[in-house]
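Undergrad: quick one, structure for this:
(2 chains)
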Amino acid sequence: MQLTQRAKQVERKPMTLLEKIYLWNIAKGMLITIRHLFKRKATIKYPEETRSFSKVFRGVQILNRDEEGRERCTACGLCAVACPAEAITMEAAERQPGEEHLYREEKYAAKYEINMLRCIFCGYCEEACPKDAIYLTQTFAPANYGRQGFIYKKEDLLIPDPKEDPEGYQKALGEKSSKA
Amino acid sequence: MADEKQLFKVTIDNITVEVEPGTTILMAARQIGGDVTPPAMCFYSKLQGSGGKCRTCLVEVSKGSEKDPRPMPKLVASCRTTVMDGMEVKNITSDKVMDARAGVVEFLLLNHPLDCPICDQAGECHLQDLSYEHGKEGTRYEFSRRTFEKEDFGPYIQLHMTRCILCYRCTYVAAQLTDSRVHGVLDRGDHAEISTYISKAITNDFSGNMIDVCPVGALTDKTFRFKNRVWFTKPVQAHRDCDKCCGKVTLWNRGDEVLRVTARKDEWGEVESYDGKPGWICNTCRFDKKKLSDWVIEGPTNVNRHSVISTNHYVNGKVPQETIAEVMGGRQPKLLMDIHDVSDVNDPSVDLSVIPGPATGATFNNKKQQ
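TA: This next block holds a predicted model:
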């Protein structure tokens, strides 16, 4: 019984002499191999070379600071509720007198964690954020030998302070800074 | 006498309902329910004299009554207007009403700071719902918003005067539920504000109900302040024997921690009634019983499917059967990482429910060093 229209009858003819010595077919195969040696390589020498990402590439998250170096995040939980992978968790705390230079709002995220094992880089957190606090950058999360290394804490995510390290701040903002 | 009582026929958005004389249009609409019901910010059916202030419940009366079919010349506040026999009311079917309501929302938001990301009421805020459903996207207000001196309302209640929309509900609670009214509205017009005289702490046993009646985040629970977002907590119905109140509450849990206790709310956001009496709860139940062992759990609260509180709460979910042990010949999977070893969030050693006020940075850092 024929299952599909494309079924082909296998040829069972005895091989000719040319086919029996295989040389011809080897030469044919080598020709393809050698031809590829002179083609443009599909791979790059990472990490010496890096590929340029598209402008809308969604890489590892950063937590943003404002121009005065205060943390923008106010632990509103919108990124966590928008996160389809439930990767984001946080603990909120009240800003105490004397901490005004550290945190922009009355409430701030005392703990902020992204579980990179869960994150699917969908960018919903960036979309949900009402405070411009979380951004997806154009670098991807580095590899790690242990699972422990993939729980990104607030210290890992926060960008450099513009007062202490203006260059690092500008670099961390990347092309997002010109947009904002 | 009661049997002879004549019922009034009233038609709201082409739906006819028979109600007793003296019923307001809003309460008649609530008998129908659904989209027909006008929103209400200041009206609270369990508080006498409330209503008539915020103007969000404006409706158009297209036919006054059977005897006098002329329409009412202006939009009327449905919470204060009683029905007449044969009255015809237009709510969502009237463009005039929808336009007026958008205007009212814009007015209510004039001085509102829109700090929802910080506000503890976010997620169960009536002003959020109202502006989402009826508001326009922008505002035409160009001046700086009102600011106030911070005022202390005692250890239990947090007042954010900037968020207040002056609905007066809390003052009615103070006047009707507590023996002595110690807080009210000071000044007039644009300067009006809720305040206690001489910053007197409210010590009455039922003062906590102000938090429940507040439609916005002006009065919030200090013992819950910043502890968690409403939609990450799990609402559970519970009760306990209380000599002061009905003891029927909703617990808002995170795991086994009771982060917040509130009275049970009905579909209009008002406190539920038991045997015709509103189920206000006392301050002991609300602020001091923050242990799961204090309560008898009845079951999960029914949350509207469209509410943000129901997000990520999986109801009737079927947990698939574990097959690993079966496939691996009885071996259990090896746990490669316990999240609590690495994560600082939701640390079992930090119990937020026992902290009287909001957590500070030290709350989490001190525990880590131990």
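
Undergrad: what residues sit buried inside stretch B:288-296?
TA: B:Lys289, B:Lys290, B:Leu292, B:Trp295 (16 or more other CB atoms under 10 Å in any protein chain shown). Quick note: C-beta positions are derived from backbone N, CA and C, even for glycine.

Undergrad: mind putting these into CSV with pLDDT?
TA: CSV is the format used below for the buried residues of stretch B:288-296 (pLDDT from 0 to 100):
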residue, pLDDT
B:Lys289, 91
B:Lys290, 91
B:Leu292, 91
B:Trp295, 94
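
Undergrad: can you tell me which of the residues you listed is closest to chain A?
TA: B:Lys290 (17.6 Å; CB to the nearest CB).

Undergrad: for B:Ser199, report the pLDDT, please.
TA: With respect to pLDDT, B:Ser199 scores 51.

Undergrad: please apply the same query to A:Lys176.
TA: Reported pLDDT for A:Lys176: 57.

Undergrad: do B:Arg181 as well
TA: 67.

Undergrad: point out where chain A drops to low pLDDT.
TA: By pLDDT under 70, the low-scoring segments of chain A are A:175-180.

Undergrad: how about a cut-off of 90?
TA: A:1-13, A:15-25, A:41-42, A:46-47, A:49-57, A:67, A:97, A:137-143, A:146-147, A:161-180 (pLDDT under 90).

Undergrad: first-to-last residue distance for stretch B:171-185?
TA: Taking CA to CA, to the nearest Å, stretch B:171-185 runs 8 Å from one end to the other.

Undergrad: which residues does the residue of the stretch 51-200 of chain B found nearest chain A contact?
TA: Closest contact between the stretch 51-200 of chain B and chain A, by CB to the nearest CB, is at B:Pro117 (3.3 Å). For B:Pro117, the contact set (CB atoms under 8 Å, 6 or more residues apart in numbering or on different chains) comprises A:Thr74, A:Cys76, A:Leu78, A:Glu105, A:Pro130, A:Lys131.

Undergrad: let me see the contact set for the nearest residue to the third one once chain neighbours are set aside.
TA: With sequence-adjacent residues excluded and distances taken as CB to CB, 6 or more residues apart in numbering or on different chains, A:Leu78 is closest to A:Ala128, at 4.3 Å. If a contact means CB under 8 Å, 6+ apart, then A:Ala128 has A:Leu78, A:Cys79, A:Val81, A:Ala82 as its contacts.

Undergrad: got it, and B:Asn312?
TA: A:Val81, A:Glu86, B:Trp231, B:Phe232 are the contacts of B:Asn312 under CB under 8 Å, 6+ apart.

Undergrad: what's the helix or strand for the first one?
TA: Yep, that's A:Val81 we're talking about. helix A:78-82 (DSSP states H and E).

Undergrad: the longest helix seen in chain A packs against which elements?
TA: When chain A is parsed with DSSP state H, its longest helix is helix A:23-37. In terms of contacts (3 or more CB pairs under 8 Å, 6 or more residues apart in numbering or on different chains; DSSP states H and E), helix A:23-37 is not packed against any helix or strand.

Undergrad: just to be sure, A:Lys55 is in a strand?
TA: No - applying DSSP: H, G, I helix; E, B strand; the rest coil, one finds A:Lys55 to be coil, outside a strand.

Undergrad: how many residues are close by it?
TA: Counted with other CB atoms under 10 Å in any protein chain shown, residues neighbouring A:Lys55 total 8.

Undergrad: and for A:Glu91?
TA: Around A:Glu91 there are 24 residues (other CB under 10 Å).

Undergrad: confirm it sits in a strand?
TA: Yes - under three-state DSSP, A:Glu91 falls within a strand.

Undergrad: residues in contact with the residue of chain A found nearest chain B?
TA: With CB to the nearest CB as the measure, A:Cys76 is the residue of chain A nearest to chain B, at 3.3 Å. A:Cys76 makes contact with A:Pro130, A:Lys131, B:Cys116, B:Pro117, B:Ile118, B:Ala122, B:Arg229 under the criterion CB under 8 Å, 6+ apart.

Undergrad: secondary structure element for residue 11?
TA: The chain I'm using is chain A. Here A:Glu11 is assigned to no helix or strand, by DSSP H and E.

Undergrad: wrong one, I was asking about chain B
TA: strand B:8-12.

Undergrad: what sits up against that strand?
TA: Against strand B:8-12 from outside (CB under 8 Å, 6+ apart): B:16-21, B:23, B:25, B:28-29, B:32, B:36, B:59, B:83-91.

Undergrad: alright, that wraps it up for me.
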